[in-house]
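Asks: curious how this folds, go ahead:
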Amino acid sequence: MKRTLLIAIAFVFFTISQNSYSQVYLEEENEEGITHSIGNYLQARSYDHYYNWQEKYCRNIKYDDKGKPTMFYQTQMMENQHVNYLKYTYDYTETGRTRQVTYFKTSGSKWEYQYKFAYTYNLNDELETYTQMNWENDEWVNKVRYIYSAQDIILKDTRITQVYEDDKWINYKLNVSNFNEKGDLILTEVHIWQNDTWNIYSKDIYAYDPFRNLIEHRSEVFTGDKWDVIWKMKREYDDKGVLQTTVVDGFYEGSLVPQNKYLYEFNDNGNLASYTIQEFYDNDWLNKTRYNYDYNELGIKTVSIKSLWYGTKWQEATKSCYKYNGGNRITEFIIYSWNLERWQNFKKFTYEYTTNNTAPVNDNPLFSIICSPNPCTDHINVTVTGLESNNAKVSLLEMSGNLISEVPMKLNENGAATTLETFGIAAGIYIVRIDTGNEVFTKKVSVVK
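Replies: I've put the predicted structure just below:
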C-alpha cells in the first residue's frame, strides 16, 4: 500500500544576502506515488510532533542575482542544533548553461567530495555530453557518460550511454524517442550494446485521441523471438475531454492482469475534488484509498484528506491543511493523523518569503510520471506527461537525499521519456526527481539485484 507522505523541503544558506533568495518546495505524494513540489520561499522549516513540535532539518539554495542556484545546503537537527550534512555547488557557462554540479558531504568537521556532473555544449550552445564522476582515492574517476547530437537534443530523439572501464569509454545503452508530426511522444526504444552492435531490449508505445489526450501507454520487452507486454495503462475521458478513469495492468505469473483503477471527480470550477484508487482482487474492483480536496475562492487547495477503505466504509487517515498570505503563498502547512477518534498533530512546515511570486498548489489530472520497470535492475525508464520545460532535469537520489545521477530532459505536455542507469548501485528504495525549474516532482522506485 502506498503511503501519502507530505514533505516540505526548505533551502537556507549560512547567511542570506539582500541580493539572493532561496527556493523551497512543498511536496505532496499523490495516489500514484508522485510527489509534487512548488513554490519560491526564503525559508521553510520542518517539524515532527511528539509531545511538542520538534524541528528536523533545513535544506537551502543560494541564488545569484540572475536567479540561478549557486549552492544547495542542508543541515540536520542534532542535539538541538543544526549540523552540516550535505551541499551542492553549481557552475555555469558564459551563456548561463550548467557547466558543472559538485556534490559534497561532511565527514566530521570538513566537507568532502562525493560526485561531480560535467556538461559540454557545441557551438550552438546545445548539449553534447553529460558525464558523471566519483571522487575516489583523492581524484575524480569517470563513471558514466551520455552523448547527444545537436538535432537529437532538440527533439529528445536519441541518447547513447557509455560506462568507463579499463581506461576507456564503452557503449552500454541507446535510447531512442519518436514523435508524431504534432510533437507527441509515440514510441521510445531501449537498445543494449552486445557483440559490437545495438540490440533492441524494450519499447514503450503511446496512443492519443483526436484531442491529443493520452489514452494508452504500454511497455514491452523483447524476449528473443517476440515482444511481451509487461505493463499497460489506459485512460478514459468524457465528451468534454475531462479525465474519468485510469486503469493499470501489470505483469503477473506470465500474463498481463488488472492491478489498479483510478476514478476522478471534479467540482464545478474544474478543480479535482476527489479521486479513488481501486485494486483488482478476486475478479472484482475493490476500494482501497480515496483523496478529497477543498479549495478557497481562488481555486487554491486548502484541505486534503486521505481515507482508507475498511470493508464497508471509508475511514479518514490523514489530513493536510494549508494557510496562505495575501499573495496566495503558503505560510503554514500542517499534517494531522486520525488517532483515538480525533485529529492529532503529526508534521508542520512554516514559510517566510522575500519575493512576491505566487505559489498556488496545482492539481493536474493529466499529469503523470511513469517509472518502468519498477522494481528495476540495471535501468529505469522515466516517462512524463502533462508538463512543459526546455531545461528540466531528471535525477536519481538515495532516500537520504544523496544525488546519484542526473540527466537533462526536454518536456512537452504530451509526453517525454528518458532513462536512468541503476546497474552500479545497491538494491533498495530510491527517489526519481523531475525538476522543471519552477516545479519539482518525485517518485519512489525499487532497485533489485
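Asks: ranges for the helices of the stretch 1-150 of the chain?
Replies: Here the stretch 1-150 of the chain has its helices, by DSSP state H, counting those that start in this stretch, at 150-155.
Asks: which is the next helix or strand following the helix or strand that residue 233 is a member of?
Replies: Assessed by DSSP states H and E, residue 233 sits inside strand 227-237. Following strand 227-237 in sequence order, the next helix or strand is strand 243-252 (DSSP H and E).
Asks: following that next one, which helix or strand comes up?
Replies: strand 255-266.
Asks: give me the angle between that next one and strand 227-237.
Replies: 20 degrees (axes from the mean of the first three to the mean of the last three Cα atoms, to 10 degrees).
Asks: residues near residue 54, how many?
Replies: 13 (other Cβ atoms under 10 Å). Bear in mind the C-beta positions are built from the backbone N, C-alpha and C, glycine included.
Asks: related to what we said a few turns ago, residues contacting the strand holding residue 233, please?
Replies: Residues outside strand 227-237 that contact it (Cβ atoms under 8 Å, 6 or more residues apart in numbering) are 203, 209, 211, 213-222, 243-251, 256, 370, 372-373.
Asks: chain center to stretch 403-411: distance?
Replies: Offset of stretch 403-411 from its chain centre (Cα atoms, centre = their mean, to the nearest Å): 10 Å.
Asks: quick one: buried ones out of the contacts of strand 227-237?
Replies: 203, 213-214, 217-222, 243, 246-251, 370, 372-373 (16 or more other Cβ atoms under 10 Å).
Asks: thought residue 426 was touching residue 447?
Replies: Yes - counting by Cβ atoms under 8 Å, residue 447 is a contact partner of residue 426 at 7.5 Å.
Asks: in terms of neighbours, single out the busier of the two.
Replies: Using other Cβ under 10 Å as the criterion, residue 426 and residue 447 rank with residue 447 on top: 20 against 9.
Asks: what's the closest non-adjacent residue to the more buried one?
Replies: residue 422 (4.9 Å; Cβ to Cβ, 6 or more residues apart in numbering).
Asks: residues touching the one you found, list them.
Replies: 376-380, 396, 430, 447.
Asks: what's the ChimeraX syntax to select whichever of the residues you listed are buried?
Replies: A single ChimeraX command selects the buried members of those (16+ other Cβ under 10 Å):
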select :376,379,380,396,430,447
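Asks: just checking, residue 63 touches residue 72?
Replies: No - between residue 63 and residue 72 there is no contact under Cβ under 8 Å: 10.5 Å.
Asks: those two - which one has more neighbours?
Replies: Taking neighbours as other Cβ under 10 Å, residue 63 and residue 72 compare with residue 72 leading, 23 against 20.
Asks: was I right to think that one contacts residue 61?
Replies: Yes - taking contacts as Cβ under 8 Å, residue 72 lies within contact range of residue 61: 5.0 Å.
Asks: follow-up on the earlier one: how about the contacts of residue 422 in CSV, adding distance to residue 181?
Replies: Converted to CSV, the contacts of residue 422 look like this (distance: Cβ to Cβ, whole Å):
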residue, distance to residue 181
376, 32
377, 36
378, 34
379, 29
380, 29
396, 33
430, 36
447, 37
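Asks: so of the contacts of residue 422, which ones are in strands?
Replies: Members of the contacts of residue 422 lying in strands (criterion: DSSP state E): 379-380, 396, 430, 447.
Asks: which members of the residues you listed define the maximum pairwise distance?
Replies: 379 and 430 (12.4 Å; Cβ to Cβ).
Asks: tell me how far residue 303 lies from residue 405.
Replies: Distance, residue 303 to residue 405, by Cβ to Cβ, to the nearest Å: 37 Å.
Asks: of those two, give the one with the bigger neighbour count.
Replies: Shown here are residue 303 and residue 405; by other Cβ under 10 Å, residue 405 has more neighbours (20 against 13).
Asks: so what's the more buried one bridging to?
Replies: Assessed by DSSP bridges, residue 405 has beta-bridge partners residue 396.
Asks: low-confidence ranges, this protein, go.
Replies: Along the chain, the parts satisfying pLDDT under 70 run over 1-51, 67, 149-157, 327-328, 352-367, 400-401, 412-415, 424, 437-438, 449.
Asks: isn't residue 392 up against residue 406?
Replies: No - Residue 392 lies out of contact with residue 406 (Cβ under 8 Å); the separation is 10.7 Å.
Asks: any idea how many residues pack against residue 266?
Replies: Neighbour tally, residue 266, other Cβ under 10 Å: 17.
Asks: over to residue 186?
Replies: Using other Cβ under 10 Å: residue 186 sits among 16 other residues.
Asks: could you do residue 435 as well?
Replies: 19.
Asks: and the gap between it and residue 63?
Replies: For residue 435 relative to residue 63 (Cβ to Cβ), the value is 14 Å.
Asks: repeat that for residue 309.
Replies: 45 Å.
Asks: ditto for residue 277
Replies: Residue 277 is 38 Å from residue 63, by Cβ to Cβ.
Asks: need the residues touching each of residue 63 and residue 72.
Replies: By Cβ under 8 Å, 6+ apart, no residue touches both residue 63 and residue 72.
Asks: fine, thanks again, bye for now.
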